[in-house]
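A.B. asks: Okay, sequence plus prediction incoming.
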Amino acid sequence: DGGITQSPKYLFRKEGQNVTLSCEQNLNHDAMYWYRQDPGQGLRLIYYSQIVNDFQKGDIAEGYSVSREKKESFPLTVTSAQKNPTAFYLCASSTGSREQFFGPGTRLTVL
Amino acid sequence: SQQGEEDPQALSIQEGENATMNCSYKTSINNLQWYRQNSGRGLVHLILIRSNEREKHSGRLRVTLDTSKKSSSLLITASRAADTASYFCATDKRDAGGYQKVTFGIGTKLQVIP
């Protein structure tokens, strides 16, 4: 089945820890995106990538980092510099100027 | 910054009624998309309308786009309890580097009462 997966579904982080969220797609899409969603809010763009080994900062990139070593994978690291990381993180992929396909999300909680 | 803003932020209607949600945006776009999100889940694409289109239909959904007013509306006709969800508009434009950038509004939370 083609699709986009995220893992883990739930993630707990201690203060000062870096954590990495996984996003994988087998849709052969060129573009991948990371969004953050806070309770009752819309989605805010963290990072996006159009091609392998290239990515751009979105509207709220501070405290986050990404890599795009393979077309299928776009992992997001939430660093200790992100002061308020508790949120729902959504990954998406698309091709051309077409609709995005979303993963099921990762809920990150800071303990 | 959020490109789109939906209005209203919350809407409660009876089953069978129509639901209308609006979206305004700030800069020129390639296309505008509407998505649906059930609580705690990923988003699901509903419909895409290109900047040179004015109206589009898909089943019980009707989307309009007015680029002169930088606004769009989503109409759901004959609503059902299963339509209860949050609805988001998203705008697709090229950034300064020519990359496709998709940004979302804050959403409309729709409740359809059986």
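C.D. replies: Received it, and whenever you're ready, just let me know what you need.

A.B. asks: Retrieve the pLDDT associated with the residue lying farthest from the centre of chain B.
C.D. replies: Taking C-alpha atoms, centre = their mean, the residue of chain B most remote from its mean C-alpha position is residue B:97, at 26.3 Å. Looking at residue B:97, its pLDDT stands at 83.

A.B. asks: cool, residue A:2 as well?
C.D. replies: Looking at residue A:2, its pLDDT is 65.

A.B. asks: so the residue farthest from the centre of chain B touches residue A:56, yeah?
C.D. replies: Yes - shown here, residue B:97 and residue A:56 form a contact pair, counting by C-beta atoms under 8 Å, at 6.7 Å. Bear in mind the C-beta positions are built from the backbone N, C-alpha and C, glycine included.

A.B. asks: Distance check, the residue farthest from the centre of chain B against residue B:33.
C.D. replies: Residue B:97 is 21 Å from residue B:33, where distance means C-beta to C-beta, to the nearest Å.

A.B. asks: for residue A:60, same thing?
C.D. replies: Going from residue A:60 to residue B:33 by C-beta to C-beta gives 21 Å.

A.B. asks: got it, and residue B:19?
C.D. replies: 18 Å.

A.B. asks: So which of those two has more stuff around it?
C.D. replies: The residue with more neighbours, out of residue B:19 and residue B:33, is residue B:33; 26 against 20, by other C-beta atoms under 10 Å in any protein chain shown.

A.B. asks: so what's that one up against?
C.D. replies: A:99, A:100, B:45, B:46, B:47, B:48, B:49, B:89, B:90, B:91, B:92, B:102 (C-beta atoms under 8 Å, 6 or more residues apart in numbering or on different chains).

A.B. asks: Can you name the next helix or strand after the helix or strand hosting residue B:90?
C.D. replies: Taking DSSP states H and E as the definition, residue B:90 sits inside strand B:85-94. Per DSSP H and E, strand B:85-94 leads on to strand B:100-104 as the next helix or strand towards the C-terminus.

A.B. asks: Strand B:85-94 and that following strand, what's the angle between them?
C.D. replies: Put simply, strand B:100-104 runs at 150 degrees to strand B:85-94, going by axes from the mean of the first three to the mean of the last three C-alpha atoms, to 10 degrees.

A.B. asks: Sheet partners, orientation included, of strand B:100-104?
C.D. replies: strand B:85-94 (antiparallel) (DSSP bridges).

A.B. asks: The helix or strand hosting residue B:47 pairs with which strands?
C.D. replies: Element membership for residue B:47, per DSSP H and E: strand B:43-50. Applying DSSP bridges, strand B:43-50 is found paired with strand B:31-37 (antiparallel).

A.B. asks: residue closest to the middle of chain A?
C.D. replies: residue A:34 (3.3 Å).

A.B. asks: who touches that residue in this structure?
C.D. replies: Contacts for residue A:34 (C-beta under 8 Å, 6+ apart) come out as A:23, A:45-48, A:58, A:64, A:66, A:74, A:76, A:89-91.

A.B. asks: Nearest spatial neighbour of it, chain-adjacent residues omitted?
C.D. replies: Nearest residue to residue A:34 in three dimensions, chain neighbours excluded: residue A:46, at 4.3 Å (C-beta to C-beta, 6 or more residues apart in numbering or on different chains).

A.B. asks: Please identify which helix or strand holds the one you found.
C.D. replies: strand A:43-51.

A.B. asks: Could you pull up the mean pLDDT of that strand?
C.D. replies: 95.

A.B. asks: which residues are contacting that strand?
C.D. replies: Against strand A:43-51 from outside (C-beta under 8 Å, 6+ apart): A:30-37, A:55-61, A:64, A:66, A:68, A:74, A:76, A:89-90, B:2, B:43, B:88, B:99-104.
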